[in-house]
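A.B. asks: I'll drop the sequence and a predicted model, then ask my questions.
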Amino acid sequence: MNQRAEVGREGEARACAYLVNKGYRVVERNHRRPWGELDIVAIAPDGTLVLTEVKTVRANTNWELAPEDEMSAAKVRKFTRAASLYANYHTELIDERRGWRMDVVAIVKRGIDAEIRHYENI
């Protein structure tokens with residue numbers, strides 16, 4: 001496994017732990033289909049289906065690119081398509097009153113520590 005993939009996998013594990021700590025129930029990880037991928041599928045404490053994209057970068061002392069910067073317009077379109085299709089195929093996970101939403105968890109890895117930013121309903 002290359003270094004970038006390893007950082008990404010560690011970021012997804014941290015994001016799952018973060019969400020579980022906040023009361024979310026993780027339903028699925030790395031849901032891959034030809035039309036896209038969802039990093040984390042979870043149910044929020046209020047019953048909302050949450051489809052999550054995780055972006056992780058390693059901190060660099062010279063120049064730091066924020067993980068949020070990797071959410072280009074094309075990436076948001078692809079994420080939206082994958083989330084919409086997942087929600088349409090998995091209506092049994094959707095609470096009628098709460099619906100579903102798309103979140104981004106941005107992680108900056110600094111050695112063994114990490115800064116986590118959670119953006120809800122992007």
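C.D. replies: Sure thing, it's come through. Numbering: from 1, shown residues only.
A.B. asks: helices or strands next to the helix or strand of the chain at the bottom of the mean pLDDT ranking in the packing?
C.D. replies: Least confident helix or strand of the chain, by mean pLDDT, DSSP states H and E, is helix 3-21 with a mean of 89. If contacts are counted by 3 or more C-beta pairs under 8 Å, 6 or more residues apart in numbering; DSSP states H and E, helix 3-21 sits against strand 25-33, strand 36-43, strand 49-58, strand 100-110, strand 113-119. Yep, even glycine has a C-beta here, placed from its N, CA and C like the rest.
A.B. asks: Quick check: which of the ones you listed is buried the most?
C.D. replies: Highest mean neighbour count of these: strand 49-58, a mean of 23 (counted as mean count of other C-beta atoms under 10 Å).
A.B. asks: mind listing what's buried in the next helix or strand after that one?
C.D. replies: Next along the chain after strand 49-58, taking DSSP states H and E as the criterion, comes helix 73-89. Within helix 73-89, the residues that qualify as buried are 79, 82-83, 86-87, counting by 16 or more other C-beta atoms under 10 Å.
A.B. asks: quick one, what contacts the residue nearest in space to the middle of the chain?
C.D. replies: Nearest residue to the geometric centre of the chain (C-alpha atoms, centre = their mean): Glu53, 2.5 Å. Residues in contact with Glu53 (C-beta atoms under 8 Å, 6 or more residues apart in numbering) are 38-39, 71, 75, 79, 102-105.
A.B. asks: Try it again at 6 Å.
C.D. replies: 39, 79, 104 (C-beta atoms under 6 Å, 6 or more residues apart in numbering).
A.B. asks: partners of it in the sheet?
C.D. replies: Bridge pairing for Glu53 (DSSP bridges) gives the partners Val104.
A.B. asks: hang on, the earlier thing: neighbouring contacts of the least confident helix or strand of the chain?
C.D. replies: 26, 39, 42, 54, 56, 58, 105, 107, 114, 116.
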